[in-house]
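Engineer: Structure for the following, please:
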Amino acid sequence: MVRDPLAMRLADGDPRAPRELVERHYPELYRYAFAMLRDRPAAEDMVHDAFERALEALGRYPEERLRDMALRPWLYRITLNVVRNRLKRVREAPIEEAPAASASDEPDDSREAFLDVLAALGRLPERQRTAVVLRYLQDVPYAEISAATGWPEGTAKTLVRRGLARLRDLMIVEDKDGGRR
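Structural biologist: Numbers count the residues shown, from 1 in each chain. Alright, predicted model coming up:
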């Protein structure tokens, strides 16, 4: 097993290592949270919460566990759990408490297709959405998806395949003239 040099530095107590951990993984975890939530402030909050949890946990882990950690899938797992908790709270909230889209979230023409895909992703079942986002928006290998979610690799592959098929079906919509796009 190849050990992550950053995990080694964390185990050794390098005071710069936690900051590097955040700097290295924040952008991809933010993109992941945004793809799952489709809300910029919520995604920022979720990633912030995930890093808080991760850094607290790192402070409790023994040195040898830190040395053997695969940090990237571990951070995705924490972020996934934080996002799931957020989605659960939103689903349980009364309708008048659910967050509304702000005027600043209005799409411009250059982002419309991307937002259409994100909207379709939001209609996928959670496990399919998680698998597709990790594999294709975050470029996470199946082995890391398995580590992050706890699913067997074969299950991750099946969820990605089914999610992509369903996403294709959702994206085939009638345009104004009755043609397909």
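Engineer: any idea which helix or strand comes after the worst-scoring helix or strand of the chain on mean pLDDT?
Structural biologist: The helix or strand of the chain with the lowest confidence, counting by mean pLDDT, DSSP states H and E, is helix 112-122 at a mean of 72. Sequence order places helix 126-132 as the next helix or strand after helix 112-122, per DSSP states H and E.
Engineer: Run through the neighbouring helices and strands of that following helix.
Structural biologist: Other elements packing on helix 126-132 under the criterion 3 or more C-beta pairs under 8 Å, 6 or more residues apart in numbering; DSSP states H and E are helix 71-92, helix 112-122, helix 142-149, helix 153-171. From N, CA and C alone the C-beta is placed, and that goes for glycine too.
Engineer: Compare these and give me the one nearest Leu58.
Structural biologist: The closest of those to Leu58 is helix 71-92. By C-beta to C-beta, the value is 9.3 Å.
Engineer: rewinding a little: deepest of the helices and strands packed on helix 126-132, which one?
Structural biologist: helix 142-149 (a mean of 20; mean count of other C-beta atoms under 10 Å).
Engineer: just the angle between that one and helix 153-171, please?
Structural biologist: 90 degrees (axes from the mean of the first three to the mean of the last three C-alpha atoms, to 10 degrees).
Engineer: Report pLDDT for the residue most central in space within the chain.
Structural biologist: Residue closest to the mean C-alpha point of the chain, counted by C-alpha atoms, centre = their mean, is Tyr32 at 3.0 Å. Here the pLDDT value assigned to Tyr32 is 93.
Engineer: follow-up on the earlier one: output the helices and strands packed on helix 126-132 as CSV; include the columns distance to Val47.
Structural biologist: What follows is the helices and strands packed on helix 126-132, written out as CSV (distance: least, C-beta to C-beta, whole Å):
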stretch, distance to Val47
helix 71-92, 6
helix 112-122, 17
helix 142-149, 15
helix 153-171, 22
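Engineer: Lovely, talk soon.
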